[in-house]
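Enquirer: take this sequence and fold it.
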Amino acid sequence: MSTREKLEELEQFDTPSITNVVATYPDDPLCLGLYNPWSENWYTDQTIECMYPELGPRAGHVVTCVYGIPDPNFGKLSFMDVVDALDASPKPSILALKQDFPDDVAGKVGLTGGNMTSAMQALDCVGCVSDGPARDIDEIRPTGFQYLVTGVSPGHGDMAVHAVNVPVSICGMDVAPGEIIHMDENGAVKFPADRLDDVLHNAKALEAREEDLQEQVQNANNADEVRAAFSGDTYGEDESE
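Expert: Numbers count the residues shown, from 1 in each chain. Model (predicted):
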């Protein structure tokens, strides 16, 4: 399969399943253990919100940018530099947009809207993850472009691009250009692009194993039978899932 086909297949799984095979249960044979699950920032926290949960998962190569208040000593970059980075990226892509604004305005920066989204989508970008608000939510909804942001706000003032394709931290997730993001209504997770095959393979194996476990549990008639079903599956042992 091509990389695009692998990413499309990865979108058949929800983001919690991807986190499970990336790092959540390091003692499980299907978990790749790519990060220390607690001490490393490899997935988003509860401050991020999915604008279009009905769209389902999206997966793509990461392009990053940083926006903030215009700096009179720096004006070299613009949204067209973000456009160039999206154009140069492997496809499909996801934009990780860091909003570096002062606290007194950070909650009212409706940064991305219909025009920016149209440009991103034209370059085969399938979603945006950002630690600030967006706007034009109803306008964007029919396009199929996914947003994970902290909320919505209808306006903004002057703003500027401060950096393109640098490591950023967004809602608890540290992500760098060239990595892969998988995201849905549960949040977003990142992993190295060179582990795509492993993540996809293990996600398939995990799905098959969990389907078998759930069938056993659903057919159980008492606590002993539920306990017996779980005792034969070490994945997330002693967890309440």
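Enquirer: what ranges does the chain have for its helices?
Expert: Assignment of helices within the chain using DSSP state H yields the ranges 3-10, 15-19, 79-88, 103-106, 114-122, 137-140, 196-218, 223-231.
Enquirer: could you check the angle helix 196-218 makes with the last one?
Expert: Angular relation of helix 223-231 and helix 196-218 on a 0 to 180 degree scale: 170 degrees, by axes from the mean of the first three to the mean of the last three Cα atoms, to 10 degrees.
Enquirer: average pLDDT for helix 223-231?
Expert: Averaging pLDDT along helix 223-231 gives 74.
Enquirer: in terms of secondary structure, what does it contact?
Expert: Helix 223-231 makes packing contacts with helix 196-218 when contacts are defined by 3 or more Cβ pairs under 8 Å, 6 or more residues apart in numbering; DSSP states H and E. Using the backbone N, CA and C atoms, a C-beta is placed for each residue, glycine as well.
Enquirer: for the fifth one, same thing?
Expert: Contacts defined by 3+ Cβ pairs under 8 Å, 6+ apart place helix 114-122 against helix 79-88, helix 137-140.
Enquirer: pull the distance from it to the chain's centre.
Expert: 19 Å (Cα atoms, centre = their mean, to the nearest Å).
Enquirer: same deal with the fourth one?
Expert: A distance of 24 Å separates the C-alpha centroid of helix 103-106 from that of its chain, computed with Cα atoms, centre = their mean.
Enquirer: any idea which of the helices and strands packed on helix 114-122 is most buried?
Expert: Greatest average neighbour count among the helices and strands packed on helix 114-122 goes to helix 79-88 (a mean of 17), per mean count of other Cβ atoms under 10 Å.
Enquirer: got a list of contacts for that helix?
Expert: 63, 65, 93, 95, 116, 119-120, 123-125, 161, 164-165, 177 (Cβ atoms under 8 Å, 6 or more residues apart in numbering).
Enquirer: picking up where we left off before, for E185, which of the helices of the chain is the nearest?
Expert: Relative to E185, the nearest member of the helices of the chain by Cβ to Cβ is helix 15-19, separated by 8.2 Å.
Enquirer: output the closest one as PDB, nothing but the C-alphas.
Expert: Written as PDB, here are the backbone C-alpha positions of helix 15-19 (Å, rounded to 0.1, in the frame of the first residue of the first chain):
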ATOM      1  CA  THR A  15      -7.800   7.700  18.400                       C
ATOM      2  CA  PRO A  16      -7.900   5.900  21.700                       C
ATOM      3  CA  SER A  17      -7.000   2.700  19.900                       C
ATOM      4  CA  ILE A  18      -4.100   4.400  18.300                       C
ATOM      5  CA  THR A  19      -2.800   5.700  21.600                       C
END
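Enquirer: okay, buried residues for that helix please.
Expert: By 16 or more other Cβ atoms under 10 Å, the buried positions in helix 15-19 come out as T15, S17, I18, T19.
Enquirer: tell me how far it lies from the chain's centre.
Expert: Worked out by Cα atoms, centre = their mean, helix 15-19 lies 10 Å from the chain centre.
Enquirer: let me know the average pLDDT across that helix.
Expert: 98.
Enquirer: so what's the residue nearest in space to the middle of the chain up against?
Expert: By Cα atoms, centre = their mean, the chain has its centre lying nearest to A188, at 2.7 Å. By Cβ under 8 Å, 6+ apart, the residues touching A188 are T15, Y43, T44, I48, V129, L148, I170, M173, I181, H182.
Enquirer: can you select the buried ones from those residues in PyMOL?
Expert: In PyMOL syntax, the buried subset of the contacts of A188 is picked out as below (16+ other Cβ under 10 Å):
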select buried, resi 15+43+44+48+129+148+170+173+181+182
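Enquirer: appreciated, that's everything.
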